[in-house]
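Engineer: predicted model, plus sequence, below.
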Amino acid sequence: MAAGMIAASVSSLSLQAQNTTSGYFLDNYTYRYQMNPAFGNETNFVSFPGLGNLNLAMRGSMHLTDIFHVVDGKTVLFTNPEVSASFLNNVPKVGRIGFDLKENILSGGWKAWGGYNTVSINARAFGVINVPRTFLELMKEGLSNRTYSISDMSASASAWAEIALNHSREIPMIPGLRVGAAVKFELGMANVQANFREADLTLGTDAWTARTNADIYMNLGKTRFATELNNENRPYVSGIDDISGIGVNGFGMAFDLGATYKWNDFDFSLAINDLGWISYSNTAMASTNGTKEFTTDAYTFEITDSDGGGQDVIDRMTDDLGRLYQLEDMGDTGTRNVAMGATLNVGVNYTLPMYRRLHFGILSSSRFQKDYTWTEVRVSANVNPVDCFSADVNVAFGTYGAAFGWLLNFYHKGFNIFLGMDNTLGKLARQGIPLNSNASVNLGINFPF
């Protein structure tokens, strides 16, 4: 089961996302308010349906080149016998690949009520997998040692729809101060959280002694776990039934809060976004009920296919790990509250006195989410040489290394288009998958008036 979840997650990560931070300081970038609700636009606008603001991003410390390798011109899994086990030397102790997706379905903004207002309808998704190196060693080497210890393996994913209302305004009593807030109504579509805390295998005289501790929470409509019988004729979770009944099965709220302050040629800003939760119903749960210890001879973990890839390998790993953890189906456990990942943005922008169309910014962004916390600092140069065009180039340093970003923004009354990347794409596999797990794309079409 764990292998299936991890392999499926990795293989589906082409490019998926959040708000670009490259546009945080950029003049006439329509969606600055989604990074700090205190920002307002100079004009009213309406988005192109489905393409107003599409954000796709990946972040991670483990790269797809650790999972997929090229042998004789073919892309294969790391389990292929022709792939040297030396690649494990470059894999972190616990590798991570995470993604965010934010697609603007429809949005609009207008000046009224003493400030600037926006309404946005968004589709959002999030996912992360954490894979310990010992898991990859077991999959690559098979049971060649007398003991194995796997810990801190996890996977989670969420998908939801969002309706957001934003208002920002200046505060006359404090010149230079502008504040804003957004309230968001969240409609949960799907959520899965799997925690494989412990799996210790010790080889005895003729069988393995296993100690496991794990649980899975699943909110996928009417979907439930599939089970099989173990050697003692006790059912254990071996996977999930066909996904069915997917729809709205969770409701929640979140808030964005922000402020900006202008002092001489400096603009200071502070915002915290996505403070909230989603309450899901019909939670299917599987668990070992604490630490479970048992003896079995069921494990082989031996990959024999000469091509080392394909669904047969994934199925075999899934079957072996399903027998390893032997989670019990706990049935429907009712409602579960899931906190959203909050993001803190702190920025300062300096406008060049001798050429006020050029300014420089420093932005610190931190994401706070279970198994997916990260921080980066981005330094940018922003220029608006003519009223219809603005551009940004930037470099970032943070949890997942260094990155180069940029954003181009063409803006005219009646039409606006932008394209940028927080992490510029490097080499791609044939399937269009970035070989480095840090990549992003941001694009949009809008109609200002």
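Structural biologist: Happy to help now that I have it. Everything numeric in this text was worked out from a predicted model, so none of it was measured.

Engineer: helices or strands up against the longest strand seen in the chain?
Structural biologist: As assigned by DSSP state E, the longest strand anywhere in the chain is strand 177-203. Counting contacts by 3 or more C-beta pairs under 8 Å, 6 or more residues apart in numbering; DSSP states H and E, strand 177-203 packs against helix 2-11, strand 147-170, strand 208-219, strand 250-263, strand 266-280, helix 311-325, strand 336-339. To be clear about C-beta, it is placed using only N, CA and C from the backbone, and glycine gets the same treatment.

Engineer: try 7 Å this time
Structural biologist: strand 147-170, strand 208-219, strand 250-263, strand 266-280, helix 311-325 (3 or more C-beta pairs under 7 Å, 6 or more residues apart in numbering; DSSP states H and E).

Engineer: show me what counts as buried in it.
Structural biologist: 177-182, 184, 186-196, 198-201 (16 or more other C-beta atoms under 10 Å).

Engineer: could you do stretch 244-259 as well?
Structural biologist: So stretch 244-259, judged by 16+ other C-beta under 10 Å, has buried residues 249-250, 252, 254-259.

Engineer: over to stretch 169-177?
Structural biologist: Applying 16+ other C-beta under 10 Å to stretch 169-177 flags 169-170, 177 as buried.

Engineer: for this structure, give me the ranges with low pLDDT.
Structural biologist: 1-18, 142-145, 204-206, 297-321, 371, 426-436 (pLDDT under 70).

Engineer: check it and tell me which residue is nearest its centre.
Structural biologist: F99 (2.6 Å; C-alpha atoms, centre = their mean).

Engineer: now the angle between strand 266-280 and the longest strand of the chain, please.
Structural biologist: 50 degrees (axes from the mean of the first three to the mean of the last three C-alpha atoms, to 10 degrees).

Engineer: show me where the stretch 1-150 of the chain has helices.
Structural biologist: 2-11, 64-67, 133-141 (DSSP state H, counting those that start in this stretch).

Engineer: on that earlier part again, how big is the angle separating the longest strand of the chain from helix 133-141?
Structural biologist: Using the same axes, to 10 degrees, strand 177-203 lies at 50 degrees relative to helix 133-141.

Engineer: tell me the angle strand 177-203 makes with strand 147-170.
Structural biologist: Going by the same axes, to 10 degrees, strand 177-203 makes 170 degrees with strand 147-170.

Engineer: mind checking how far the residue nearest to the centre of the chain is from L257?
Structural biologist: 26 Å (C-beta to C-beta, to the nearest Å).

Engineer: repeat for S84
Structural biologist: Taking C-beta to C-beta, one finds S84 at 51 Å from L257.

Engineer: before we move on, what about S437?
Structural biologist: 31 Å.

Engineer: what do you get for N53?
Structural biologist: Taken as C-beta to C-beta, the span from N53 to L257 is 20 Å.

Engineer: next: A155.
Structural biologist: Taking C-beta to C-beta, one finds A155 at 31 Å from L257.

Engineer: over to V441?
Structural biologist: For V441 relative to L257 (C-beta to C-beta), the value is 28 Å.

Engineer: same question for D332.
Structural biologist: For D332, the distance to L257 - C-beta to C-beta - is 36 Å.

Engineer: equivalent analysis for A85, please.
Structural biologist: Counting by C-beta to C-beta, the gap from A85 to L257 is 50 Å.

Engineer: how about I67?
Structural biologist: I67 is 39 Å from L257, by C-beta to C-beta.

Engineer: now swap in Y355 and tell me
Structural biologist: Taking C-beta to C-beta, one finds Y355 at 33 Å from L257.
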